[in-house]
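Need a 3D model of the following:
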Amino acid sequence: MTRRILQAVIPAVLLFAILSPISLLKNHAHRFLTALSETTDDGATKEPSHIELCRAIVSPNKEELVVEEDPKVCRDRHTPFASTVQVFVSTFLAEVSRKNDLGVSYKYHCRDRNRKLDEVTVQETLDLKNGGVLPESTNMNLENVRTICDYCINAYETENDSSPKCILFSKHRLSEDGKLSSQTSRRMVEESVGMEFLLPSIKRHLNEVAAKYDGTEDKVLSKMAVIYLQCEEEEHESCRTDNLEGFEDIIAKEVPNYVKAIDVIASVALDEKMSKRARDITHWTRKFFPRADNVKYKVAKSTAQLYGKLMKARYVVCSTGTSCILPAISSENFASIVKSSESAWVQKLPLGPSVNFIDNEFKNKDCLTVRGRSGQWVRDLSVAEKSQYKTPLDNLFGAAHREFKPTKKNPFLPSSTYVWEDKHFPQCEVQVISRRKFCKVMKKLGLKRIFFVGDSLSKQMAESLWKLLDYKTDPGHYKWSQTIQCAGELPDFELTYIRNNFLTEVNLGTNSVSLPWAGQYVNYPGKTLLIANVGPHVHDIGQFKKQSFQVFFDMIEQFKRPQDIVYFRTSVPGHPKCMDHDKPFKDYGEYMKAKEKMSEKERNYSWDNFVIYNEWVSQHLNELRKRNKGPNVEVLDIYHMGVLRPDGHRNEDDCLHYNLPGPIDWWNHFLFSQLLTKANMQ
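You can find the predicted model right below:
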């Protein structure tokens, strides 16, 4: 064994043993507590700095002792967590010594102002002399620290002992004969130095690193994500990355679809095979996030720059390993780290909602996040037949259906013959509605009513659902409620629509098509599925935020109906020169190219703002959910599916609304599939 492993594990053990007041699982300790040694030029064994400091604290003498850090620790690019923790731990021990006049000091000589920017390590940037790591007012129990040190020395000297070492998973105390006892002492736990003492210092010092070495001036890159592909164990000789198999699934469910920049960063320790895998992941990421303006692949040559990126990006996703832990717990942004047995002890710490340890597998519930985000429209008459209406709508949205003349080659309205196929997640397919299947889902979820509120596009969605449930008549106009009859043992439910262009009830006016809706919604006794939208009648992001969405959000909070399922549907913009298109776009790039032809009249409709509204709502609700704040309002995101449908619009003067049947039917198929996933989770 080499000395590097000891340097990687003993500091981590010591830090969290001293700092955490939580009793952690014993059966993981041995994974962090292997002992190493390295010989000096004269053949003597050179011990890690924290072990030297511990020996001096346990058995002090009258002579002054200066413990100097190994320069290799300072320049180590392969073990940023272990090396950085070692510096913090040794500084901590030196401060314990100073506070107790033990005559022991620590010098790490890491700062090197001549190093190239793309090579500098975190350790080289730390200035722990500036304020140290503990407040002067911190009271230390020296005997507790000695007990911890004594046990760590034992761990170091008994490298073949697989039993838990140091005081990582339980607190130990000295018995009367001076030997270590495995009995847990309540007093020891209460008097141990808590995370609250050291974590502020770690945060402060690492935020100073981030400010200097992330390469940006912004405090937080609010729409940036960093994906870090790290070694499972910080060990230069053997970089395991087994967890990269299927890592695309992790990225898809953890990185929001509204991010604008994504850095895929690979550990410098990855071998050629895994580096190729990392580049393949980058290529996949570019395809799955077509709205991201910039997706880059980088190698983390400088751990200082790496930490800067990890702490400045709003969203961080890390493969299994420890390198993400310190920047994750030092930042207020959102970090997702694939968990493993090695990270079990960290998960026990009070990290708050910003740090999330996740499973390295894709589950059924994850379809709620990824469904509809990456796929294509395919013509399929057999599936399209299941989505046809028994009779046309008797309004302007049904005009094309009433006038359509079927042929053997084209038995249905052309825009109703395309089905959505998910390229990356076929297990999350969008399923077609039938009345019986819909009734079963409603029963399983305990829903008694579906309530649509919004403008004319919400009206179209409500009418589409009514017709997909096989009703022959029109349901109503600006305000209506119908009973959906379910056969046999399945209970009936209500389907309601109310027209309101702004979702508010302020200054509606006597002739307004924005009608009051809150009373009818809130006074209904049964569990309700609410589907709301605002956007097409709003022409400014400020108005959208403050006068529409926030008012709606506040109303939902005031209604206090936590049993309901509340969706905010994203808005799909119109398509320029829509009559030039008789089939769907192949991908998002084709949509963006066609959008360049938008006329001045169409720009006045603020179609370009729709994606801004959608992304703001998605980010706002996503971050509230992560922080466990506010009412549970979810996003029904049909934007990506919708923008790929330039075909099926009403006419050249209305490239926003669609003919029915048509693309809007798939908004309801998508809704049904989301509800089905929820039902299957119960």
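
Can you pull the phi/psi pair for residue 134?
phi -130, psi 140 (degrees, to the nearest 10).

can you pull the buried residues of stretch 634-647?
If you call a residue buried by 16 or more other Cβ atoms under 10 Å, then stretch 634-647 has these buried ones: 635-647. Any C-beta I mention is one placed from the backbone N, CA and C, and that applies to glycine too.

what's the span of it from first residue to last?
Chord length of stretch 634-647, first to last residue, is 28 Å (Cα to Cα, to the nearest Å).

Run the chain-centre distance for that stretch.
Using Cα atoms, centre = their mean, to the nearest Å, the mean C-alpha position of stretch 634-647 is found 21 Å from that of the whole chain.

now swap in stretch 600-620 and tell me
With Cα atoms, centre = their mean, you get 24 Å for stretch 600-620.

and that stretch, what's its mean pLDDT?
Averaging the model's pLDDT scores along stretch 600-620 yields 94.

mind exporting that stretch as PDB, just the C-alpha atoms?
C-alpha atoms of stretch 600-620 as PDB (Å, rounded to 0.1, in the frame of the first residue of the first chain):
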ATOM      1  CA  GLU A 600     -43.100  42.000 -37.400                       C
ATOM      2  CA  LYS A 601     -46.800  41.300 -36.800                       C
ATOM      3  CA  GLU A 602     -46.000  37.900 -35.300                       C
ATOM      4  CA  ARG A 603     -43.300  39.400 -33.100                       C
ATOM      5  CA  ASN A 604     -46.000  41.700 -31.700                       C
ATOM      6  CA  TYR A 605     -47.700  38.700 -30.400                       C
ATOM      7  CA  SER A 606     -44.700  38.200 -28.100                       C
ATOM      8  CA  TRP A 607     -44.300  34.500 -29.100                       C
ATOM      9  CA  ASP A 608     -40.600  34.800 -28.400                       C
ATOM     10  CA  ASN A 609     -41.500  35.600 -24.800                       C
ATOM     11  CA  PHE A 610     -43.200  32.200 -24.300                       C
ATOM     12  CA  VAL A 611     -40.100  30.300 -23.700                       C
ATOM     13  CA  ILE A 612     -38.900  32.900 -21.200                       C
ATOM     14  CA  TYR A 613     -42.100  32.600 -19.300                       C
ATOM     15  CA  ASN A 614     -41.900  28.800 -19.300                       C
ATOM     16  CA  GLU A 615     -38.300  28.800 -18.100                       C
ATOM     17  CA  TRP A 616     -38.900  31.300 -15.400                       C
ATOM     18  CA  VAL A 617     -41.900  29.300 -14.000                       C
ATOM     19  CA  SER A 618     -40.000  26.000 -14.300                       C
ATOM     20  CA  GLN A 619     -36.900  27.400 -12.400                       C
ATOM     21  CA  HIS A 620     -39.100  29.200  -9.800                       C
END
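
Quick check: buried residues in that stretch?
For stretch 600-620, the neighbour count (16+ other Cβ under 10 Å) marks 602, 605-607, 609-611, 613-615, 617-620 as buried.

buried residues in stretch 438-456?
Of the residues in stretch 438-456, those buried by neighbour count under the rule 16+ other Cβ under 10 Å are 438-443, 445, 447-456.

For it, list the C-alpha coordinates in PDB.
Output in PDB follows, covering the C-alpha atoms of stretch 438-456 (Å, rounded to 0.1, in the frame of the first residue of the first chain):
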ATOM      1  CA  PHE A 438     -58.700   7.600 -17.700                       C
ATOM      2  CA  CYS A 439     -61.400   6.700 -15.200                       C
ATOM      3  CA  LYS A 440     -59.200   4.100 -13.600                       C
ATOM      4  CA  VAL A 441     -56.400   6.700 -13.100                       C
ATOM      5  CA  MET A 442     -58.900   9.200 -11.600                       C
ATOM      6  CA  LYS A 443     -60.100   6.600  -9.200                       C
ATOM      7  CA  LYS A 444     -56.700   5.500  -8.100                       C
ATOM      8  CA  LEU A 445     -55.600   9.100  -7.500                       C
ATOM      9  CA  GLY A 446     -58.800   9.800  -5.700                       C
ATOM     10  CA  LEU A 447     -59.600  12.700  -8.100                       C
ATOM     11  CA  LYS A 448     -63.300  13.900  -8.400                       C
ATOM     12  CA  ARG A 449     -62.800  16.800 -10.800                       C
ATOM     13  CA  ILE A 450     -60.600  18.200 -13.600                       C
ATOM     14  CA  PHE A 451     -60.600  22.000 -13.700                       C
ATOM     15  CA  PHE A 452     -59.100  23.900 -16.600                       C
ATOM     16  CA  VAL A 453     -58.600  27.700 -16.200                       C
ATOM     17  CA  GLY A 454     -56.900  29.900 -18.800                       C
ATOM     18  CA  ASP A 455     -57.300  31.500 -22.200                       C
ATOM     19  CA  SER A 456     -58.500  30.000 -25.600                       C
END
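
re the thing from before, list just the nearest of the buried residues of stretch 634-647 to residue 497.
Nearest to residue 497 among those: residue 636, at 15.5 Å, using Cβ to Cβ.

what's the closest one in contact with, if anything?
531, 567-570, 670-671, 674 (Cβ atoms under 8 Å, 6 or more residues apart in numbering).

thinking again about what came up before, output the buried residues of stretch 634-647 as JSON lines; include the columns pLDDT and distance to residue 213.
Supplementary listing: the buried residues of stretch 634-647 in JSON lines, determined by pLDDT from 0 to 100; distance: Cβ to Cβ, whole Å:
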{"residue": "635", "pLDDT": "98", "distance to residue 213": "35"}
{"residue": "636", "pLDDT": "98", "distance to residue 213": "41"}
{"residue": "637", "pLDDT": "98", "distance to residue 213": "36"}
{"residue": "638", "pLDDT": "98", "distance to residue 213": "41"}
{"residue": "639", "pLDDT": "98", "distance to residue 213": "36"}
{"residue": "640", "pLDDT": "97", "distance to residue 213": "36"}
{"residue": "641", "pLDDT": "98", "distance to residue 213": "41"}
{"residue": "642", "pLDDT": "98", "distance to residue 213": "42"}
{"residue": "643", "pLDDT": "98", "distance to residue 213": "38"}
{"residue": "644", "pLDDT": "98", "distance to residue 213": "41"}
{"residue": "645", "pLDDT": "98", "distance to residue 213": "45"}
{"residue": "646", "pLDDT": "98", "distance to residue 213": "46"}
{"residue": "647", "pLDDT": "98", "distance to residue 213": "50"}
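
and the longest strand seen in the chain, what does it pack onto?
With DSSP state E applied, the strand covering the greatest number of residues in the chain is identified as strand 221-229. Strand 221-229 sits against strand 261-267, helix 272-288, helix 303-312, strand 313-318, helix 609-626, with contacts defined as 3 or more Cβ pairs under 8 Å, 6 or more residues apart in numbering; DSSP states H and E.

Just the mean pLDDT for it, thanks.
Strand 221-229 shows a mean pLDDT of 90.

Using CSV, write out the CA atom coordinates for it.
Taking Å, rounded to 0.1, in the frame of the first residue of the first chain, the C-alpha atoms of strand 221-229 are listed here in CSV:
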residue,chain,number,x,y,z
LEU,A,221,-24.4,31.5,-12.8
SER,A,222,-28.2,30.9,-12.3
LYS,A,223,-28.7,29.0,-15.5
MET,A,224,-25.5,27.0,-15.6
ALA,A,225,-25.0,23.3,-14.8
VAL,A,226,-21.7,21.5,-14.1
ILE,A,227,-21.6,17.7,-14.6
TYR,A,228,-18.5,16.3,-12.9
LEU,A,229,-17.3,12.8,-13.8
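
List the buried residues in it.
Using 16+ other Cβ under 10 Å as the test for burial, strand 221-229 gives 221, 223-229.

Residue 442: what's it in contact with?
By Cβ under 8 Å, 6+ apart, the contact set of residue 442 is 448, 486, 490-491, 493, 675.

run the last query once more with 10 Å
Contacts of residue 442 were listed using Cβ atoms under 10 Å, 6 or more residues apart in numbering, and they are 448-450, 484, 486, 490-493, 527, 529, 675, 679.
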